[in-house]
Every structure is written in C-alpha cells, then in structure tokens.
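**Q** Structure here, sequence nowhere to be found:
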C-alpha cells in the first residue's frame, strides 16, 4: 500500500470538518495564532499551512470578516464569522449531525430505527 | 451570498464521510445499486454520479476489489473491501471518532475535560 494513501484519505476526511471547526470557533473574534490554540485546546490540531489559506478562502467567500489591529504593539489580523457565515454555519452543523448519524449506523452496521428495513442481501 | 456556496461547502463536508461510508458498507460485498440502497437505508443519499467514480477511484487505490458476475441474468459488478481497505478503514474510523469529539466540543464551545484550559479571550 502506498504510504501516502492513508495520509491523503485522512486529510480528505478532515477537510470538511475543518471548515465547520473554523467557522464555529470564529463566532468569537480571534487572530490566527489564538485560533490555532483554541482549536488545539479542543483536540483539533491544524497546521499553519492549512489554516491560513483556509481563512483567506473563507473570507473571500464572504463567510469571515477580518480586521488588522494592533495588540501588544504588533499588528494582528483578527477574524470573525460574518452574518452570511452564521447562516452557513447553522446549516453545516445540521448537515454534520445528519451525516454523523448516518455514518454511525453505517460503521456499526445498523439500520434506521424509524424506517422499515428493506431486504438487503 | 452566492447560492452555490452552501452546496459546495456541504459537498466538501460530506466528501470525506462518503469514503468512510463506502468502505464500511462494502465489508459486505454489493453491486452498485444495492450499495446505494444500503447507504440510503442508513440515511445517506449519494447519487450515481458521485458513487460510481468514487468506487472506481477506491478500487484504483487498492482499497476495494471488484468482480463481474451474473445475477438474475444480468452482469453486475460486485465490490467489496480489500485487505488494505480494511486496514485503512480501521484507521479512518479512529480518525473520524477523534475528529467528531473535537468538532462536538468546538460546536458546543467546550474544552477538553482532561486538559488544563489555557486562557482564551
């Protein structure tokens, strides 16, 4: 097995989750370093080369807003979620809950309790 | 807000989950149509234009194996997970559990219970 294969699949699996994580964490305004610390504090490690392009992309899509401000005599770019971002985040959380419930059933090999199970060989 | 934006983000969020779902569901051998039904039965809808390229890709990566067989007088391509796929699936499930725990804390705004919480403004 190609040793990079698992890493690529893992990255792909994490990718969607990172968007949700960044939007949710930026309901509180933070600059990049503190955002990384906040995510790490919840158990999600994300390296700078992934986080910073993602922040710029989400800002470009209008889901985040940013502002340069001085703090401790250094200029820092503070990010927070936009009004559009809040709308998207609410829907992404719903999607995530639904997807997770399905994945739980699939991983555990169970059917939906509230549906008549069609015969599957 | 660009009306396609949410759809794209939703797709991106689902994408990683679909790999996990397909590998897990194919611990039992199935052909495409029955795989879609099985996933749908667990609450995960996936259209053919997404599923079939994903099956070919995962087979190309050595995570699935397939075999043409006749059933009900029609040739059908049956897929099942490979030995490498089983190894990858186990690790992806672990990653998924860890990622989910983190996302749960992030969405709910909680810290890891077993870690000292650093001050976050």
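**A** Cool, the structure landed. It should be emphasised that the depicted structure is a prediction, and the values quoted were computed from it without experimental measurement.

**Q** near chain B, anything from the helix or strand of chain A with the lowest mean pLDDT?
**A** Scoring the helices and strands of chain A by mean pLDDT, DSSP states H and E places helix A:3-25 at the bottom, with a mean of 92. Yes: using CB under 8 Å from any CB of the partner chain, helix A:3-25 reaches chain B at A:5-6, A:9-10, A:12-17, A:19-21, A:24-25. C-beta coordinates here come from the backbone N, C-alpha and C atoms, glycine included.

**Q** cool, and stretch A:86-103?
**A** Yes: using CB under 8 Å from any CB, stretch A:86-103 reaches chain B at A:87-88, A:91-93, A:95-96, A:98-103.

**Q** does residue A:45 sit in a helix, a strand or a coil?
**A** coil (DSSP: H, G, I helix; E, B strand; the rest coil).

**Q** what angle separates the strand or helix carrying residue A:33 from helix A:3-25?
**A** Element membership of residue A:33 [criterion: DSSP states H and E] is helix A:32-41. Orientation of helix A:32-41 against helix A:3-25 (axes from the mean of the first three to the mean of the last three CA atoms, to 10 degrees) gives an angle of 110 degrees.

**Q** next SSE after helix A:32-41?
**A** helix A:48-60.

**Q** What residues sit buried inside that next one?
**A** A:51, A:54-55, A:58-59 (16 or more other CB atoms under 10 Å in any protein chain shown).

**Q** Kindly indicate which of those lies nearest chain B.
**A** Nearest to chain B, judged by CB to the nearest CB, of those is residue A:58 at 9.3 Å.

**Q** Apart from its neighbours in sequence, what residue is nearest that closest one?
**A** residue A:64 (4.6 Å; CB to CB, 6 or more residues apart in numbering or on different chains).

**Q** any idea how far residue B:13 is from the one you found?
**A** Here residue A:64 is placed at a distance of 17 Å from residue B:13 (CB to CB, to the nearest Å).

**Q** Next, the buried residues of the least confident helix or strand of chain A.
**A** A:6, A:9-10, A:12-14, A:16-25.

**Q** State which helix of chain A is the longest.
**A** helix A:83-108 (DSSP state H).

**Q** relative orientation of that one and helix A:48-60 in degrees?
**A** 130 degrees.

**Q** So which elements touch helix A:83-108?
**A** helix A:3-25, helix B:3-25, helix B:83-108 (3 or more CB pairs under 8 Å, 6 or more residues apart in numbering or on different chains; DSSP states H and E).

**Q** I'd like the average pLDDT over that helix.
**A** What helix A:83-108 shows for mean pLDDT is 96.

**Q** Enumerate the positions of that helix that are buried.
**A** In helix A:83-108, counting by 16+ other CB under 10 Å, buried: A:84-85, A:88-89, A:92, A:95-96, A:99, A:102-103, A:105-107.
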